[in-house]
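Asker: The sequence isn't on hand, but the structure is:
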């Protein structure tokens, strides 16, 4: 009974938040740990119209900037007013669309960014 209820709640959450990448996402981990400079966004809200708000660590604490994104296939391109273009990331949605992994290829290797969907925003 409890397993069925948990499953139903998970399905309800998916329908309430949508099945795409729109919504608010919070970075939970970056691997390797010293690759924060590759993706310095700590939270992002992706709107249906391709615009977004991106929070990052600035010199004086957290800052928010406006920007745009394009999501096609499994590729995510982000452009912010504060930083310009980020490297293209390959997107994998996990945990019934509640988690996201961005894989970014750099000249020194691969960086994985893990994000969780925030339901309170």
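Answerer: The structure has been received and is ready for your questions. Values in this document were obtained by computation on a predicted structure and should not be read as measured data. Residues are numbered from 1 along each chain as shown.
Asker: alpha carbons only for contacts and neighbour counts from here, please
Answerer: Noted.
Asker: can you give me how far the lengthiest strand in the chain is from the chain middle?
Answerer: Secondary structure of the chain per DSSP state E: the longest strand is strand 61-72. A distance of 10 Å separates the centroid of the chain from that of strand 61-72, by Cα atoms, centre = their mean, to the nearest Å.
Asker: so who does the residue nearest to residue 82 when sequence neighbours are not counted touch?
Answerer: Spatial nearest neighbour of residue 82, excluding adjacent residues (Cα to Cα, 6 or more residues apart in numbering): residue 65 at 6.3 Å. Residues in contact with residue 65 (Cα atoms under 8 Å, 6 or more residues apart in numbering) are 53, 54, 55, 80, 81, 82.
Asker: Please work out how many residues are found near the fourth one.
Answerer: By the measure other Cα atoms under 10 Å, the count of residues near residue 80 is 18.
Asker: Let me see the contact set for it.
Answerer: Going by Cα under 8 Å, 6+ apart, the list of residues near residue 80 reads 54, 65, 66, 67, 68.
Asker: Let me see the mean pLDDT of stretch 28-40.
Answerer: In this model, stretch 28-40 has an average pLDDT of 90.
Asker: tell me how far it is from the chain's mean position?
Answerer: Put simply, stretch 28-40 sits 13 Å off its chain's centre (Cα atoms, centre = their mean).
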